[in-house]
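Peer 1: For reference, the sequence and a predicted model appear below.
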There are 2 protein chains.
Amino acid sequence: MDSHGKTHQKEHDDDDVSPNPVTLSKYSNRVEIKTLLERSDLGARFSGKRVVIGGWVKSSRAVKKDLPPPPPPPVLAIPPPSSGGNQASTTANISCTEIIQSKMNIFRKLFDVLSGGGKTYPIFDKPELAGQKTAPPPEYILYLSVSDGSSVTSIQVVVDSAMSTVPPTQLMALGTCIVAEGVLRQPMAASAKHVIELEAEKLLHVGTVDPEKYPLSKKQLPLHLLRDFSHFRPRTTTVGSVTRVHSALTFASHTFLQYNGFQYVQVPVITTTGFGEMFRVTTLLGKTDDKEEKKHVKEKDGFSVDTVKAAIKEKTKLIDHLKRSDSNREAVVAAVHDLKKTSDLASQLEMKQKPKAATLIKPEKLDFSKDFFGCDTYLTVSGRFHLESYASALGKVYTFGPRFIADKIDNARHLAEMWNVEAEMAFSELDDAMDCADEFFKFLCKYLLENRHEDMKFISKRADKTIIMRLEATASNSLLRFSYTEAISLLQKATSRTFETKPEWGFALTEEHLSYLTDEIYKGPVIIHSHPKEVKPFYIRLNDDKNTVAAFDLVVPKVGVVITGSQNEERFEILDARIGESGYTTKEKYEWYLDLRRHGTVKHSGISLKMEHMLLFATGLPDIKDAIPFPRSWGKANN
Amino acid sequence: MDSHGKTHQKEHDDDDVSPNPVTLSKYSNRVEIKTLLERSDLGARFSGKRVVIGGWVKSSRAVKKDLPPPPPPPVLAIPPPSSGGNQASTTANISCTEIIQSKMNIFRKLFDVLSGGGKTYPIFDKPELAGQKTAPPPEYILYLSVSDGSSVTSIQVVVDSAMSTVPPTQLMALGTCIVAEGVLRQPMAASAKHVIELEAEKLLHVGTVDPEKYPLSKKQLPLHLLRDFSHFRPRTTTVGSVTRVHSALTFASHTFLQYNGFQYVQVPVITTTGFGEMFRVTTLLGKTDDKEEKKHVKEKDGFSVDTVKAAIKEKTKLIDHLKRSDSNREAVVAAVHDLKKTSDLASQLEMKQKPKAATLIKPEKLDFSKDFFGCDTYLTVSGRFHLESYASALGKVYTFGPRFIADKIDNARHLAEMWNVEAEMAFSELDDAMDCADEFFKFLCKYLLENRHEDMKFISKRADKTIIMRLEATASNSLLRFSYTEAISLLQKATSRTFETKPEWGFALTEEHLSYLTDEIYKGPVIIHSHPKEVKPFYIRLNDDKNTVAAFDLVVPKVGVVITGSQNEERFEILDARIGESGYTTKEKYEWYLDLRRHGTVKHSGISLKMEHMLLFATGLPDIKDAIPFPRSWGKANN
């Protein structure tokens, strides 16, 4: 925005004493689209107001300026099939809509866009534009649907092509950033679905895209390929909505815990203790010089990921062409099916490229007393040990931070870096922790229903139609609780059902078992508690039966475990013995943890909510890599 | 708590219909001390209520049960000097108070405790207790001051020693955890400072301490030695208060940003890009087997840290003895001075033990394409790059996460792991970012004044008497803003002042320069903006003068920079050229960052608040290692 735009806006705002003053976005001279449109009157009250709007073009249409209003165009008539594949793909930028988000009902959507929701503008015709560089360019009225990410809704910005030095095709391209000053008005066409639009008087900024390279103009990319463009995917409405839901879950977590008297405690990410596969943190290996960096392996088994991705690009173009050329629906379905197979191949190839035979240096050969911290350091797997120390002083504490697992697993439920909300309470037992998990979980569901209704509605259309109903059902009922032993008994009674792993007391419940209990038997979230001590970590409190421990899992349909919790062992002798049993050869690292039992020990329990899994439950997204902006998984760390 | 206690409490709670019902702590059957005492009537309304209280003993007194109320004891008369050093040190556990927190006014404090704030109980006499194992033990009324960390305030719990199987000395020891059920009542002594106390009827739990090993019973340990016991230090009132202030700052940050329309975005901790000294994340070196772990070097230059720490222990005992034996004040002051020298030596020794000559393996010899992620990965130094990507889609975004710097620096302002609140705003310029920093900073100050008044009052007594006044002044005024050029000119005019580094245009302002401007000239926080491009990173937007960039620092007295901010470069050609100038040999890693300028670029600006530095400003603590629970610094990663 130039300073002129800013001054103008501020002057206006000062004058805007009544009625219905426009709310400026904080720290900007623009107005957020959400504050205009997310109202009971859909913004009608603001008609006539002068505002600055900024955002990115989601779809666009153009009408030649001096044409009389023409009759509605035949729905799939333009561009004609004869105009060729190449042209079809560039023309796509002109009446482009973000089809990624509308895979499921592509035809209905396309109809809507082309028919302008009942309006009668002719669709912009590419060949005419192409000629503009030589002949005096014809002038157009451009209808740009612009989103600023403040909500699901876009606003229509009406721009006279004469006011821009940038060619109309560039203004109209998906992803172009525009900042426009103008006046809000009711749309000309009485049949328009929106209540207000912006009649631009000035373009304060245009950030163009290079449509050849901009990945989002490639249509119908499956979500997992969109992950290669993690820096652009928030511009899709789906990922935008998921991000706003993620943000709401984060704030709701802080709100719930602070409101209930928990103190936030900053636990460390770099740690000296932990279990299982861990990432080492070191400066002994130095930093790789930019020049020296190894190229990733590109080719395996004669195929390369790049080749397959090029094929995906071509096949996507073909589908696009088929759709716009009024081919029969079966042809399109077949092409989509073929594309899916190719993208699956791409995934498999990526899987094969994963690092396998790492030349492991024996750590014995290195002197970690000379490393940065003078000792072995790792990325934390859990913050609960450190929280216990603060709970044994402040009572109720919580934290929210990244947790790391270096397991070489790559599936839809696992990431190497995930974020947990962890809480710990002194003077509390297993039942208290289950109460806490139950209320926390329901609070999050309720918070989304009350504060992210528009986003949830949008996601439910795209990902899973049942999510809102599911959240409502969850928010209003206490969760069913039963023991591991009861769970095993239920599973063993399911004689009609064959499980890959036979349910047997003493062994961990598998994904399949949990799915049977939540998806089929109870059709909702449940809490399973009191597991055999062998399937849970050593620090969980031994029950009086000496066989089970005071642990629980809150399990939800489709996703699995969202919250784990436990009452941890407060009795010195038992904890000390269990560390011994667990095969830790030196207990030195656990001395500080044992100290908490030596001096002023107290019964205590805690929970750990896996934020990304909670988001999967809330949104119905099938893959955890879409539940975090920049996923880190085995063999992959983009950006 | 046993189930009996729980049932009892719940029954009572059901009966407790009016008036002034007691609020149970969530997820426990206890009542938090804060909810009883932090009220206008200091809890008087609850007199007569039955409750369960849990907490840790902060100080204690004992009175023989059948003694008539005796006259006030001579203030420093017991134990007599003749009872010897050893006995003095164990007796210390009997009338122990947390002297760590009251270094500054040790004598006044001791008087208060011994004289019972005007009450006339005789002080518990150690030799009598020692005899209890053979003779029938005498019975005592114990007065335990108990804290549960919910607030600064402790509650007095009155316990008849007959109700406990644990000897009175153990109940009374600093750090003992007790859970007691009883009735709230007004204290017997009319002169008592507190309005209600708990008359215990049942001890539901006692978690004893081993006074020989419990570090907090060692008195007057300087804060920096307390760091070796980071798992216990939150039990001191000072660290408890600091933690609650930290928690408030965290929640206030989320509240401010969410309220102003920012979406929380989860940026990654493991990253492929970054600048300066970074920590490598790898699985190539495996995990050290517990057995193989190298012991830290213990001895250097004939002294070992352990020897010196033993000396500190002895000297602390001596001081304690001198104080209680009514020695003259000069002797005590001299002993304290001597102790300080010894602890300084301990710090120096710890410094010498830092890892220096690391046997660096040339990274060229390792194949990082075989590492976990198939590429070089590091711990992130900043989240702003990733935030820019989301700001270019959602408008206003923020994050809160750990940031890592592997610089071999160990001072009072530097940690290897620090937590930043980072925010990024599309459609915003430098002025907007400065507005945001200004309002955010003031909001945090105001939030503490309104929500952590008791803690701030306590910390102000311990650390810095001016903090509340300073927060009030900051919260109510806009911060002064001036350019780097003006700052240099101001510094150059200070002819009476000799700076170690001569202030000269084009060079970074040093700590000394910033301190002169904020501590001496303006006596408060200021914003300094528009620095020479050479002293700021390449990605900050070049100003029209081509020499300066759109950066700013919010600088506060004593601490230095608390918020940095900038408008980052949105013009592709300029950013591309500046990456080149910066000497990055391969630009590949920055392609995704450049992509944001290739497609739909927009003006944008952001800020980064250093949470631990903010906490130093708010509390007046001198060292950042006390502003985070488990500090990670060069050569040190405890717990």
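Peer 2: Ah, there it is.
Peer 1: just the strands in the stretch 151-300 of chain A please.
Peer 2: Listed in chain order, the strands of the stretch 151-300 of chain A (DSSP state E, counting those that start in this stretch) span A:155-160, A:177-185, A:197-207, A:263-264, A:270-271, A:280-282, A:299-300.
Peer 1: Please apply the same query to the stretch 451-600 of chain A.
Peer 2: A:480-483, A:526-532, A:548-556, A:560-568.
Peer 1: Go through the strands of the stretch 151-300 of chain A and name the closest to residue B:164.
Peer 2: Residue B:164 lies closest to strand A:263-264 among these, at 30.1 Å (Cβ to Cβ). In this view, the C-beta of every residue, glycine as well, is placed from N, C-alpha and C.
Peer 1: roughly how far is the closest one from the heart of the chain?
Peer 2: Distance of strand A:263-264 from the chain centroid (Cα atoms, centre = their mean, to the nearest Å) equals 26 Å.
Peer 1: and the stretch 501-639 of chain A, which of its residues are near chain B?
Peer 2: A:570, A:584-586, A:588-589, A:592-593, A:595-596, A:598-603, A:611, A:628-630, A:632, A:634-639 (Cβ under 8 Å from any Cβ of the partner chain).
Peer 1: Looking only at residue counts, what's the top strand in chain A?
Peer 2: strand A:50-64 (DSSP state E).
Peer 1: Now do the residue of the stretch 1-150 of chain A found nearest chain B against residue A:32, distance only.
Peer 2: The nearest approach of the stretch 1-150 of chain A to chain B comes at residue A:149, 3.3 Å away (Cβ to the nearest Cβ). Computed as Cβ to Cβ, to the nearest Å, the residue A:149 to residue A:32 distance reads 9 Å.
Peer 1: ok, of the residues of the stretch 501-639 of chain A next to chain B, which come out buried?
Peer 2: A:570, A:584, A:589, A:592-593, A:595-596, A:598-603, A:611, A:628-630, A:632, A:634-639 (16 or more other Cβ atoms under 10 Å in any protein chain shown).
Peer 1: quick one on the thing from earlier: give me the subset of the residues of the stretch 501-639 of chain A next to chain B that lies in helices.
Peer 2: If you go by DSSP state H, these have A:592-593, A:595-596, A:598, A:611 in helices.
Peer 1: So for residue A:149 and residue A:32, which sits in the more crowded spot?
Peer 2: Higher neighbour count among residue A:149 and residue A:32: residue A:149, with 27 against 24, using other Cβ atoms under 10 Å in any protein chain shown.
Peer 1: re the thing from before, from the strands of the stretch 451-600 of chain A, which stretch is densest packed?
Peer 2: strand A:548-556 (a mean of 25; mean count of other Cβ atoms under 10 Å in any protein chain shown).
Peer 1: Name the residues of the stretch 1-150 of chain A found near chain B, please.
Peer 2: Counting by Cβ under 8 Å from any Cβ, the stretch 1-150 of chain A sits next to chain B at A:1, A:25-30, A:32, A:34, A:54, A:56, A:148-150.
Peer 1: Would you format these as CSV with pLDDT included?
Peer 2: Below are those laid out as CSV (pLDDT from 0 to 100):
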residue, pLDDT
A:1, 38
A:25, 95
A:26, 95
A:27, 96
A:28, 95
A:29, 94
A:30, 97
A:32, 97
A:34, 95
A:54, 98
A:56, 97
A:148, 97
A:149, 96
A:150, 96
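Peer 1: Could you identify the most distant pair in these?
Peer 2: Going by Cβ to Cβ, the pair spanning these furthest: A:26 and A:56, at 19.9 Å.
Peer 1: Where does the prediction get shaky in the stretch 251-400 of chain A?
Peer 2: A:289-310, A:313-315, A:317-334, A:336-337, A:341, A:344, A:346-365 (pLDDT under 70).
Peer 1: likewise the stretch 51-200 of chain A?
Peer 2: Short version for the stretch 51-200 of chain A, where the test is pLDDT under 70: A:67-137.
Peer 1: Is it correct that residue A:147 is in contact with residue A:54?
Peer 2: No. Judged on Cβ atoms under 8 Å, residue A:147 makes no contact with residue A:54 at a distance of 10.3 Å.
Peer 1: related to what we said a few turns ago, among the residues of the stretch 1-150 of chain A next to chain B, which are in strands?
Peer 2: A:54, A:56.
Peer 1: now the residues of the stretch 1-150 of chain A next to chain B as TSV including distance to residue A:383?
Peer 2: Below are these laid out as TSV (distance: Cβ to Cβ, whole Å):
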residue	distance to residue A:383
A:1	43
A:25	35
A:26	32
A:27	33
A:28	36
A:29	42
A:30	39
A:32	35
A:34	34
A:54	39
A:56	37
A:148	36
A:149	31
A:150	33
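Peer 1: and residue A:51, what is it in contact with?
Peer 2: A:9, A:22, A:30-31, A:36, A:181-184, A:198 (Cβ atoms under 8 Å, 6 or more residues apart in numbering or on different chains).
Peer 1: From what I see, residue A:287 and residue B:279 are in contact.
Peer 2: No. At 9.2 Å, residue A:287 does not count as touching residue B:279 under the criterion of Cβ under 8 Å.
Peer 1: between the two, which one's more packed in?
Peer 2: residue B:279 (27 against 17).
Peer 1: which residues touch that one?
Peer 2: Residue B:279 touches A:270, A:281-283, A:372, B:378-379, B:404, B:406, B:416, counting by Cβ under 8 Å, 6+ apart.
Peer 1: Name the nearest residue to it, sequence neighbours excluded.
Peer 2: residue B:379 (4.3 Å; Cβ to Cβ, 6 or more residues apart in numbering or on different chains).
Peer 1: And for the one you found, the neighbour number?
Peer 2: Count around residue B:379 with other Cβ under 10 Å applied: 24.
Peer 1: Identify the bridge partners of it.
Peer 2: residue B:270 (DSSP bridges).
Peer 1: contacting residues around it?
Peer 2: Contact partners of residue B:379, counting by Cβ under 8 Å, 6+ apart, are A:269-270, A:281, B:269-271, B:278-279, B:281, B:402, B:404.
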